[in-house]
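Visitor: below: sequence and its predicted model.
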Amino acid sequence: MRRARRWIVISLLVGACAGAEVRFDPSPSCSWRTERSEVADGDAGAAEVPTAELPVWVSLGERHACAVRAAGDVICWGDNALGQLGPGEGPPRGQARSYEELPPARLVASGGAHNCALSSAEGVFCWGDDSRGQLGPEGDEDGDPVRALESASWVTAGLLHTCARVGEEAWCWGDNGYGQLGRDADGFDPTPARVEGLGPVSWIAAGAFHTCALVGELVPDGPVDSEVWCWGRDEHGELGDGEAGGWRAEPRPALVERGAVDVAAGPHHTCVLHPDAGGTQCWGRGARGELGHGFFEDEAVPVTAEGHLLGRLFAGGEVFLRHDGGGLTWREGHGHTCSTVRAPRCWGANGSGQLGDGTTTDRATAVSAELPVGVRMGAAGGSATCAIRDDNQLWCWGDNTYGQLGREGPGSLLPVVVRPHPSF
């Protein structure tokens, strides 16, 4: 019998290279501007960081985090109870493990306790927890990365399932207890398969037990004519179709006007960026303020988050999951969301300071994280949040019980510069 443990879903999700523009950028790679970067005040005495070691992508699970550095190598830090940092005991707290055996990566997605890295030339590689087939057909729990797909252009990791964009299609595998794979497979299915019934897919976001996609063409600097389609668990209205309760494997459109350019999924809520319809719209579970509309309540239809939020989105949160022999039981946790245009504005659960405003007060409207402007992209985990600034510094805040902030010591209610070793 395995001990009880907490897992989350992140997501993911992120706006690649967030900035003042809200037009969709289909490339998940980020550029960097300087040959070398100085560390921030408060980390005095540390050496300059070579360009190849600078972080260009970050993702968070519940108790761990991963980053892609400019050279394409992946490093991870935090908890390693399920091999999410790789085989063996894992590095000491505050230090990171580098995955030298992986081909150069463009991005990495972290789920509850698993990760998947996207390589430009060699597909999707996954490692960590494989209890529901979320690593793919070759998966195991030894911690060694295994190839899940030969090619893809995007990958997102949910609590216990994984999805990728292959061509203009969504492909999913792993847990399917609520139809989150978009098919009627019983229990779970480690084999990646196409989600039927969708048009051309440009973006995918995985929640705890639901999945959403942007369907339609998104052309940089061109017209936007996309819809949001969702499938999976709908107990809190996560699918955004006006009904709450049950689940469904068949994708259907959410009640969002055409024109969304980004989608992010927390454990039991969903948010989209819709510049022509007031900014950010959210739906699903709102008990901790996850929807940002000023109320601590669920919504089965999209509501507009207060504050005219026009930044790229990322969302995360916790689900409390227990493995007992071959069974699986869980209870709901909480979620939070951030919108980033140069600086993060976050809302939702804040018990560990994951909103970055210096408090532990849940927020039903967006508050500004105390972070210098110039944020490129960010990611949300169980009770922590991270962002990469234009100067390539990695800042994190929130819970640090397992070293998921990449540093020793307690958590932080305010953003702090972090550099897990091998250093950035």
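Guide: On my side now, so go ahead. Residues are numbered from 1 along each chain as shown.
Visitor: CA only for contacts and neighbour counts going forward, please
Guide: Fine.
Visitor: which residues of this protein score low on pLDDT?
Guide: By pLDDT under 70, the low-scoring segments of the chain are 1-48, 141, 218-223, 322-328, 421-424.
Visitor: quick one: strands adjacent to the lengthiest strand in it?
Guide: The longest strand of the chain (DSSP state E) is strand 327-341. Looking at strand 327-341 with DSSP bridges, its partner strands are strand 312-324 (antiparallel), strand 343-348 (antiparallel).
Visitor: got the buried residues for it?
Guide: Within strand 327-341, the residues that count as buried by 16 or more other CA atoms under 10 Å are Gly333, His334, Gly335, His336, Thr337, Cys338, Ser339, Thr340, Val341.
Visitor: not counting sequence-adjacent ones, nearest residue to Val224?
Guide: Gly259 (5.1 Å; CA to CA, 6 or more residues apart in numbering).
Visitor: so how far is Ala148 from that neighbour?
Guide: 32 Å (CA to CA, to the nearest Å).
Visitor: Ala254 now?
Guide: Taking CA to CA, one finds Ala254 at 29 Å from Ala148.
Visitor: tell me which of the two has more neighbours.
Guide: Relative neighbour count places Ala148 above the other of Ala254 and Ala148, with 25 against 21, counting by other CA atoms under 10 Å.
Visitor: who's in contact with the nearest residue to the more buried one once chain neighbours are set aside?
Guide: In space, and not counting its chain neighbours, Ala148 is closest to Gly136: 4.8 Å by CA to CA, 6+ apart. By CA atoms under 8 Å, 6 or more residues apart in numbering, the residues touching Gly136 are Cys126, Val146, Arg147, Ala148, Trp173, Gly174, Pro190, Thr191, Pro192.
Visitor: reformat those as TSV; add secondary structure.
Guide: Listed next are these as TSV, based on DSSP: H, G, I helix; E, B strand; the rest coil:
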residue	secondary structure
Cys126	strand
Val146	strand
Arg147	strand
Ala148	strand
Trp173	strand
Gly174	strand
Pro190	strand
Thr191	strand
Pro192	strand
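Visitor: still on that earlier bit, reformat the buried residues of strand 327-341 as JSON lines; add distance to Glu297.
Guide: Output for the buried residues of strand 327-341, formatted as JSON lines (distance: CA to CA, whole Å):
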{"residue": "Gly333", "distance to Glu297": "14"}
{"residue": "His334", "distance to Glu297": "12"}
{"residue": "Gly335", "distance to Glu297": "13"}
{"residue": "His336", "distance to Glu297": "14"}
{"residue": "Thr337", "distance to Glu297": "15"}
{"residue": "Cys338", "distance to Glu297": "18"}
{"residue": "Ser339", "distance to Glu297": "20"}
{"residue": "Thr340", "distance to Glu297": "24"}
{"residue": "Val341", "distance to Glu297": "26"}
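Visitor: re the thing from before, how far away is the residue nearest to Ala148 from Phe188?
Guide: Gly136 is 11 Å from Phe188, by CA to CA.
Visitor: before we move on, what about Leu102?
Guide: From Leu102 over to Phe188 (counting by CA to CA), the distance is 26 Å.
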